[in-house]
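In: Provide a 3D model corresponding to the input given below.
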Amino acid sequence: MVYLKDIVPAAQNNINSQFIMLDKAGASIDGENKMCLALVADNTAAVNFQLWGEECDAFEPGDIILLTNGIFSFQRNNLFLRAGKRGKVEKVGEFTMKFVETPNMSEIKWVPDQKKYIQESVISSHSRIFPPMK
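Out: Just a heads-up that it's a prediction; the model follows:
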């Protein structure tokens with residue numbers, strides 16, 4: 001299992017992680033596909049998580065999710081963790097998981113360094129998509 005603080009943008013499907021969904025934005029239609037964004041977190045970091053099609057209706061805030069063979073990648077200049085074509089997401093519990101809301105790994109500016117990406121700076125102290133919880 002990979003902690004969210006340890007994920008790095010890459011074009012590989014190999015992230016296995018478990019996290020809790022904190023918030024979910026309304027669904028939108030991207031071409032012919034339904035898409036929605038969620039904020040997920042574990043006890044090390046948070047990240048924006050992209051759900052497609054039936055996944056949008058399958059998960060709600062408070063659900064604990066197991067991601068197998070996921071990918072953390074750029075899409076339209078935004079960073080999202082997602083299952084991708086070969087990955088799998090499943091609900092494995094609800095409400096009982098320690099988490100932190102910062103840093104949001106999607107809100108970090110990543111720069112290429114030889115054959116990998118490294119963190120350059122934090123874009124904002126909280127998510128631009130999901131404001132801080134009160």
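In: Which strands or helices does the helix or strand encompassing residue 47 pack on?
Out: Element membership for residue 47, per DSSP states H and E: strand 46-52. Contacts defined by 3 or more CB pairs under 8 Å, 6 or more residues apart in numbering; DSSP states H and E place strand 46-52 against strand 15-24, strand 33-41, strand 63-75, strand 78-82. C-beta: built from backbone N, CA, C; applies to glycine.
In: try 7 Å
Out: Where contact means 3 or more CB pairs under 7 Å, 6 or more residues apart in numbering; DSSP states H and E, strand 46-52 is packed against strand 33-41, strand 78-82.
In: For residue 103, find the nearest of the ones you listed.
Out: When the helices and strands packed on strand 46-52 are compared by CB to CB, strand 33-41 sits nearest residue 103, at 10.2 Å.
In: Name every sheet partner of that closest one and say whether each one runs parallel or antiparallel.
Out: Sheet pairing of strand 33-41 (DSSP bridges) gives strand 15-24 (antiparallel), strand 28-30 (antiparallel), strand 46-52 (antiparallel).
In: mind putting these in TSV, mean neighbour count, distance to residue 85 and mean pLDDT included?
Out: Converted to TSV, the strands paired with strand 33-41 look like this (neighbours: other CB atoms under 10 Å; distance: least, CB to CB, whole Å; pLDDT from 0 to 100):
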stretch	mean neighbour count	distance to residue 85	mean pLDDT
strand 15-24	20	14	91
strand 28-30	11	15	71
strand 46-52	24	10	89
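In: Nearest to residue 4 among these would be which one?
Out: Once the strands paired with strand 33-41 are compared by CB to CB, strand 46-52 is nearest, at 5.3 Å.
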